[in-house]
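Asker: Below are the sequence and a predicted model for it; my questions follow.
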Amino acid sequence: MSGEEPWGAEETPDLSVRPDTLRTVSGAGDALVGHLDGAVTGLRAETVFAVNGAMTLLSLTALERVRTSWEERLTGVREACARLRDGLDAAADDFEGVEADTERDLHQTRRGLSDLTGQGEPR
């Protein structure tokens with residue numbers, strides 16, 4: 001399809017969606033997944049460093065509680081980003097499929113009209 005908005009797009013918000021835009025946002029979600037993986041890994045590494053240092057047992061216990069809490073939070077955010085990425089990719093696939101199907105159907109309809117009228121394919 002052309003770069004113009006499809007007919008009726010101004011009244012129907014989901015017709016204004018472009019698969020490439022969905023894939024761009026999906027890529028941002030994927031980048032966040034990577035950053036969060038690194039954050040969780042770094043958090044674990046800092047805990048190992050602290051354990052090897054000269055911290056008291058009470059400090060280590062508090063640090064472990066905080067680390068566990070943050071690891072759970074970051075893991076939850078990472079999972080949400082992964083779901084968002086997957087959902088946006090699926091939506092882009094759906095929109096591309098619908099656009100291709102619509103384009104094919106319109107072409108077949110135009111050919112059918114052309115055959116009925118005996119005139120060339122309308123523009």
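Answerer: Perfect, I can see it now.
Asker: Under the pLDDT cut-off, which ranges of the protein? List them.
Answerer: 1-16, 46-58, 120-123 (pLDDT under 70).
Asker: biggest helix in it by residues?
Answerer: Selection of the longest helix in the chain by residue count, based on DSSP state H, yields helix 57-117.
Asker: pretty sure residue 32 contacts residue 81?
Answerer: Yes - with contacts counted by Cβ atoms under 8 Å, residue 32 reaches residue 81, the gap being 4.4 Å. The C-beta positions use only the backbone N, C-alpha and C, and glycine is treated the same way.
Asker: returning to what we had before: centre of the chain versus the longest helix of the chain, how much separation?
Answerer: Relative to its chain's centre, helix 57-117 lies at 4 Å (Cα atoms, centre = their mean, to the nearest Å).
Asker: what packs against that helix?
Answerer: The helices and strands touching helix 57-117, judged by 3 or more Cβ pairs under 8 Å, 6 or more residues apart in numbering; DSSP states H and E, are helix 19-52.
Asker: so how far is the helix it packs on from its chain's centroid?
Answerer: Here helix 19-52 is found 15 Å from its chain centre; the criterion is Cα atoms, centre = their mean.
Asker: Just the buried positions in that helix, please.
Answerer: For helix 19-52, a neighbour-count test (16 or more other Cβ atoms under 10 Å) marks 19, 22, 23, 26, 29, 30, 32, 33, 36, 39, 40, 47 as buried.
Asker: Check the gap between residue 118 and residue 107 for me.
Answerer: From residue 118 over to residue 107 the distance is 18 Å, taken as Cβ to Cβ, to the nearest Å.
Asker: So for those two, which sits in the more crowded spot?
Answerer: residue 107 (11 against 6; other Cβ atoms under 10 Å).
Asker: contacting residues around residue 102?
Answerer: Contact partners of residue 102, counting by Cβ atoms under 8 Å, 6 or more residues apart in numbering, are absent.
Asker: what about residue 81, neighbour count?
Answerer: Here the number of neighbours of residue 81 (other Cβ under 10 Å) works out to 19.
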